[in-house]
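Q: Predicted coordinates and the sequence they were generated for:
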Amino acid sequence: MVLCNLTRQDRDVVEALTGQPYHVDDVTVRCMGYAGPKWTFVDEKDPDYALVVGGFIPQRTGVYASWFFASKQAWKLYREEVTAMARERVGYMLASGAHRVETLSLADKKIACAWYEAIGLTRESTLRKFAADGRDAVLYVAVR
């Protein structure tokens, strides 16, 4: 449900970082196949309706890469709650043995970059020409 309801901008990020056209089934299978903890944010009025999915992929001992997708409805209805839950999930990972949580954003996605800072991540570096289409990416991290 979440991946069917992504904004065009979020689909653009997936395409830029993977170099592949966005196909909801492919992205869903990839995300569900990631090792590591996963989480979902559902609408309290309809608990069967997922609004956000995310998780943490082990990179090596103590280091996790995060992934996160939110539907258009999640941002429209629950922006503050989604932000608080994501911040809580990062904190949980750090309290549960991770010493580093990292995520990537395209450098030109200013709203996403600001949001990563709002959930407790810090801009660590710019990865020049990192995306498949040649755009710069930004690495955000939280460390214990």
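A: Alright, I've got the coordinates.
Q: so where's this protein shaky on pLDDT?
A: Scanning the chain for pLDDT under 70 picks out no residues.
Q: top helix in it by residue count?
A: Longest helix in the chain, counting residues (DSSP state H): helix 72-95.
Q: Which of the helices or strands spans Y64?
A: In this structure, Y64 sits in strand 63-70 according to DSSP states H and E.
Q: That strand pairs with which strands?
A: Taking DSSP bridges as the criterion, strand 63-70 forms sheet pairs with strand 46-60 (antiparallel), strand 100-106 (parallel).
Q: that older thread, what is the orientation angle of the longest helix of the chain with strand 100-106?
A: Going by axes from the mean of the first three to the mean of the last three CA atoms, to 10 degrees, helix 72-95 is angled at 150 degrees with respect to strand 100-106.
Q: which strands and helices sit next to helix 72-95?
A: strand 38-43, strand 46-60, strand 63-70, strand 100-106, helix 110-118, strand 137-143 (3 or more CB pairs under 8 Å, 6 or more residues apart in numbering; DSSP states H and E). No exception for glycine: its C-beta is placed from N, CA and C like everyone else's.
Q: Need the ones you listed in CSV (columns: mean neighbour count).
A: Converted to CSV, these look like this (neighbours: other CB atoms under 10 Å):
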stretch, mean neighbour count
strand 38-43, 15
strand 46-60, 16
strand 63-70, 20
strand 100-106, 21
helix 110-118, 15
strand 137-143, 19
